[in-house]
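Enquirer: quick one, what's the 3D model for this:
(one chain, ligands or ions: 2)
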Amino acid sequence: MQSVLTSQHYFSEDIFDLEKEQLFKRLWNFVTFRTLLSLPNSFVTREIGGVSILIQNVSGEIKAFENCCPHRLMPIQQQPFGQSRMVCRYHGWVFDGAGQVKTIPNEDELYCFNQDERNRLCLSQFQVTSIGNLVFVNLSDNPLSIDAQYSKELQAQLIEVSRHFSDTAIHNNIDVNYNWKLNYENVLDHNHLPYVHPKSFLPLLRKVKNIEKAQESISKSESFETLLTLSDQSFSSTTPLHIESWPWHSLVDRYGPGDLYYNFFLFPNINFISLGGIIFLAQQFQPISATKTQVRFTLTTAKEKKRIPALPAILRGHMKAEVEVLLEDVKFLEAIQSNLHLHSPSVQHGQYEYRLAAFGNTYKKLLKGDCLW
Ligand code: FES
Ligand SMILES: [Fe+2]
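Expert: Ligands and ions are numbered 1, 2, ... in the order given. As a prediction, this is how the structure comes out:
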């Protein structure tokens, strides 16, 4: 079956501009783990649809603002994450919890704003919601319900999994030279594992033959034609996992029954996984341009029952392994990107790729401006 997406969907800057408006500014976008925003004034900054966003703990409430000072448009917070009041570093304006300018140094002497002008000095605010410990932001004035994007059943699973997060995490961002959709499609494609990751990732998964059988049985009852709604595009799966047991595993509040590899595919660009309910990783394929992506990793463990002195080293070790697996994919995906030009042949999906076909259909309808909720 020929993909509905053409090569231009992977390299055209015009299409990339449309994606920003029709996908990323209309949908709920994952931004971080709630556990990383628990301290007063803790924050993360993210880019969504080309807009810099500040997500900040304001007196215990998580709020999202455009990260842009109304004075001369300086970002309020410049680091990817941290803990700091909302004070613009350029001329010292201080903002309150509603994003309104609270104090302006030497206001009367230097600025002389009238009351109207003064009232307008406010950060734009966006809606925030959480599914358990996963925080999402929506840039639309009239956001769709989160239930339209992620089914109630999937949300219940995410709430239960993320309840197990530790509040210590590690971040890593890797810049790659391909369109973000290639990476999301790649994680939906289990069939690449034996060829791309024969030594790194594949040995972790047990009974691969059974996995393929399970996938086949799913594909008989599901096809891209039955996955039509927005919430149909996000789903979870589990695979038997061979995980070496380490002493620290008994010191954390593990999720789930045991040796399973959990995948939560969250449309449009998140692969959230758990290794045995012990390690949790959000992989986000953040578009930078039509042909550049930043793969953003946030990795945490299950909650510690008692202090684990080696936790930083454990996190670093797991992150290193995850990056090595990604770099194996990157070689392939960058090679595919280099084959995309105006006249490149169409992609041909087999039946097992029905999830990719459904992704393509949904993506294309959203791009046209269709409302799928
Ligand atoms: S730009 Fe923010 S205080 Fe001047
Ligand atoms: Fe891979």
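
Enquirer: okay, the residue in the stretch 151-300 of the chain positioned nearest to ligand 1: pLDDT?
Expert: In the stretch 151-300 of the chain, the residue that lies nearest ligand 1 is I288 (25.0 Å; CB to the nearest ligand atom). Just so you know, the C-beta spots here come from the backbone N, C-alpha and C atoms, and that holds for glycine as well. I288 carries a pLDDT value of 97.

Enquirer: grab the nearest non-local neighbour of it.
Expert: Distance criterion CB to CB, 6 or more residues apart in numbering; nearest residue to I288, sequence neighbours excluded, is Q294 at 5.5 Å.

Enquirer: how far away is the one you found from K365?
Expert: Q294 is 26 Å from K365, where distance means CB to CB, to the nearest Å.

Enquirer: repeat for F11
Expert: 21 Å.

Enquirer: and those two? Which one has more around it.
Expert: The neighbour comparison of F11 against K365 (other CB atoms under 10 Å) goes to F11, with 19 against 16.

Enquirer: ok, that one - contacts?
Expert: The neighbourhood of F11, defined by CB atoms under 8 Å, 6 or more residues apart in numbering, consists of 179, 290-291, 337, 340-341.

Enquirer: buried subset of those residues as a PyMOL selection?
Expert: The buried residues among the contacts of F11 can be selected in PyMOL (16 or more other CB atoms under 10 Å) with this line:
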select buried, resi 179+290+291+337+340
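
Enquirer: quick one, strands of the stretch 51-200 of the chain?
Expert: Applying DSSP state E, counting those that start in this stretch to the stretch 51-200 of the chain gives strands spanning 51-58, 61-66, 81-83, 94-95, 101-103, 125-131, 134-138, 165-176.

Enquirer: please work out which of those is packed deepest.
Expert: Here the criterion is mean neighbour count by mean count of other CB atoms under 10 Å, and of the strands of the stretch 51-200 of the chain the winner is strand 134-138, at a mean of 23.

Enquirer: how about the residue in the stretch 101-250 of the chain that ligand 1 sits nearest to, what does it touch?
Expert: Closest residue of the stretch 101-250 of the chain to ligand 1, CB to the nearest ligand atom: I104 (7.6 Å). By CB under 8 Å, 6+ apart, the contact set of I104 is 91-94, 111, 121.

Enquirer: need the residues of the stretch 1-150 of the chain near ligand 1, please.
Expert: Residues of the stretch 1-150 of the chain that fall close to ligand 1, judged by CB under 6 Å from any ligand atom: 69, 71-72, 74, 88, 90-91, 93.

Enquirer: quick check on the residues you listed: which are buried?
Expert: Burial by neighbour count, 16+ other CB under 10 Å: within these this picks out 69, 88, 93.

Enquirer: now the second one: closest residue in space that isn't a chain neighbour?
Expert: With CB to CB, 6+ apart as the criterion, C88 has its nearest non-adjacent residue at 4.2 Å, and that residue is C69.

Enquirer: ok, now G369?
Expert: Q22 (5.9 Å).

Enquirer: my read: that neighbour touches L366, true?
Expert: Yes. Using CB atoms under 8 Å, Q22 is in contact with L366, at 5.4 Å.

Enquirer: great, nothing more from me.
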